[in-house]
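Engineer: the amino acid sequence is not available; the structure is as follows:
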Ligand code: PEP
Ligand code: MG
């Protein structure tokens, strides 16, 4: 009998494949000693495990190099060095030969000695080596025990990944050819694994709470990312139903592709900009193939992730330049580093916080780490010569923060000019509106900035006081709530009054039910996962802005989400 789980639909589409679990195996073991006559075979066992681990890590390394670049592969080079280090290998062999320890026990003892030494050192670089030793030892131990450490980049048959959650770096390792979908226990529509699943166009359901307990590895599973349904161990009839649904999804995709070169215009001839959000330059192909008219949000934090140190100015310059050149004069809004919350950078050694989403993140952290911030600003300014760059600061709560960030930008710009470096003169500088304080004084901000981009993922979580990662409060993620619509109206009206523009780069911008409301509110730019652009274009072509203005007038007076949604249905079905 099949089992149906309900979760939150994160990325549309249907996937049918077998389960691949990202849960780590239990690596505890019995038997810490061996007999005299087992020594040779035990040494062989440990050497074989080392060699196998080397093969695995080399594969991961090569995959990382070809997908996310050599800098991200460096961490695996460090792992390979540990596996080749006689200082690490000899004590393990000695432990087996001289003390009759089992391979597993000798490995663990040696690992613990190395970790204690490295962690006790003053030098940050050496402290990080402790993590390498732990990581490598885990892989070798798994080999000794005949178990497998899940490694998404090594997947070579079609699978659906099942996990507690996927970190941004797990998601970056996924190969779309084989990873057909994923399902997690935790997360909501705007957690970063959900956002990444949309840019990768992989069907995904998040926040099921129980999927890891409900499946076994290799079992068949269906993911319906549109409906948020997961069917474990489906019968033939269910498979047929979902195969038909998958075929319909594909047909619709083909129909949408015809709109790639069409303008983004309403029925009454109002043009808006439909832009895409990207995380890495790898997402650029999707931007072009889905006919986005620009990039409304480049989340630069992914450049800083999955590696051991801050990317250099040169490396950042090359990444920004590549994006600007690919967009060939179309607007590209690059957001400065936004770490914290569910996006960690282990090498920055940021303090553990009780409330990371309310803590030391984004602009708060970068204003406090000026070297890091100035490096990014310089890279951006240099790249500005290659296209239509706009710079945006995240998580701005006060005008003071904006002024400080802008002052640093101007300082770096003047320095570069003095050095004779070409920098574009008229770069627009804007802010994300994702904290209610900024929305409330948008009229003040509008005098200072060139544009706003509303980050509803955070704006909703802060307005409703509901953690975007916590599925237990995901019912409060209510993009259509009148409280939110009123905030958005304040922001858009304030910008227009000063002759500025407002975009939206939160997930709401690509939400079918929200698009009519946002059009009526006068939003200028809608920035979304590239995979949603064509759907939004088709939808807009069937709407009249004048009608949507009337819809909004009534929606702003509603008392809850249900009333707003009923109005949206009423107005959009009239067409
Ligand atoms: C947002 O908060 O809406 C946003 C676009 O930023 P992020 O999802 O990266 O926090
Ligand atoms: Mg945000």
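Structural biologist: Ah, there it is. Note that this is a predicted model, so its numbers are computed, not measured. Ligands and ions are numbered 1, 2, ... in the order given.
Engineer: I'd like the next helix or strand past the helix or strand bottoming out on mean pLDDT in the chain.
Structural biologist: Least confident helix or strand of the chain, by mean pLDDT, DSSP states H and E, is helix 168-173 with a mean of 68. Remark: after helix 168-173, the chain's next helix or strand is strand 179-184, criterion DSSP states H and E.
Engineer: who does that next one pair up with?
Structural biologist: Sheet partners assigned to strand 179-184 using DSSP bridges are listed as strand 159-163 (parallel), strand 204-206 (parallel).
Engineer: who wins for proximity to residue 148 among these?
Structural biologist: Nearest to residue 148 among the strands paired with strand 179-184 is strand 159-163 (13.3 Å), distances taken as CB to CB. No exception for glycine: its C-beta is placed from N, CA and C like everyone else's.
Engineer: quick one: residues in contact with that closest one.
Structural biologist: 15, 17-23, 152, 170, 174, 178-185, 211-212, 215, 221, 223 (CB atoms under 8 Å, 6 or more residues apart in numbering).
Engineer: try 6 Å this time
Structural biologist: 15, 17-22, 179-184, 211, 215, 221, 223 (CB atoms under 6 Å, 6 or more residues apart in numbering).
Engineer: pLDDT of it, averaged?
Structural biologist: Confidence for strand 159-163, expressed as mean pLDDT, is 95.
Engineer: tell me how far it is from the chain's mean position?
Structural biologist: Mean-position distance between strand 159-163 and its chain equals 17 Å (CA atoms, centre = their mean, to the nearest Å).
Engineer: still on that earlier bit, highest average neighbour count across the strands paired with strand 179-184?
Structural biologist: Of the strands paired with strand 179-184, the one with the most neighbours on average (mean count of other CB atoms under 10 Å) is strand 204-206, at a mean of 31.
Engineer: quick check: the gap between residue 407 and residue 451.
Structural biologist: Between residue 407 and residue 451 the distance is 19 Å, computed by CB to CB, to the nearest Å.
Engineer: now residue 462
Structural biologist: From residue 462 over to residue 451 (counting by CB to CB), the distance is 21 Å.
Engineer: spell out which parts of the stretch 251-400 of the chain neighbour ligand 1.
Structural biologist: 297, 299, 338 (CB under 6 Å from any ligand atom).
Engineer: can you check the stretch 401-550 of the chain too?
Structural biologist: 434, 455-458, 505-506.
Engineer: just the ones of the residues you listed in helices?
Structural biologist: Here DSSP state H is the test, and those give 456-458 as lying in helices.
Engineer: returning to that earlier point: between residue 407 and residue 451, which one's more packed in?
Structural biologist: residue 451 (20 against 10; other CB atoms under 10 Å).
Engineer: so what's that one up against?
Structural biologist: Applying CB under 6 Å, 6+ apart, we find residue 451 in contact with 428, 430, 500-501.
Engineer: before we move on, what SS does the residue nearest to it when sequence neighbours are not counted have?
Structural biologist: Distance criterion CB to CB, 6 or more residues apart in numbering; nearest residue to residue 451, sequence neighbours excluded, is residue 430 at 3.7 Å. Reduced to three states with DSSP: H, G, I helix; E, B strand; the rest coil, the structure at residue 430 is strand.
Engineer: what is the neighbour count of residue 430?
Structural biologist: Neighbour tally, residue 430, other CB under 10 Å: 25.
Engineer: in three-state terms, label the residue lying closest to residue 280 once chain neighbours are set aside for me.
Structural biologist: Once flanking residues are discounted, residue 280 sits nearest to residue 302: 4.9 Å by CB to CB, 6+ apart. Three-state assignment for residue 302 (three-state DSSP): helix.
Engineer: could you check how far residue 302 is from residue 289?
Structural biologist: Residue 302 sits 20 Å away from residue 289, going by CB to CB.
Engineer: now do residue 273
Structural biologist: Applying CB to CB to residue 273 and residue 289 gives a distance of 18 Å.
Engineer: look at those two and report which has more neighbours.
Structural biologist: Set residue 273 next to residue 289 and count neighbours by other CB under 10 Å: residue 273 wins out with 18 against 14.
Engineer: next, residue 37: secondary structure please.
Structural biologist: At residue 37 the chain is in helix, as set by three-state DSSP.
Engineer: neighbours of it, how many?
Structural biologist: Residue 37 - counted by other CB under 10 Å - has 7 other residues nearby.
Engineer: list the contacts for it?
Structural biologist: If you count contacts by CB under 6 Å, 6+ apart, residue 37 has none.
Engineer: so for stretch 408-425, mean pLDDT?
Structural biologist: 97.
Engineer: then stretch 66-82?
Structural biologist: 75.
Engineer: all numbers from here: first residue = 391
Structural biologist: Done: numbering now begins at 391, and the last item shifts to stretch 456-472.
Engineer: burial of residue 740, as a residue count?
Structural biologist: Neighbours around residue 740, by other CB under 10 Å: 17.
Engineer: done for today, thanks.
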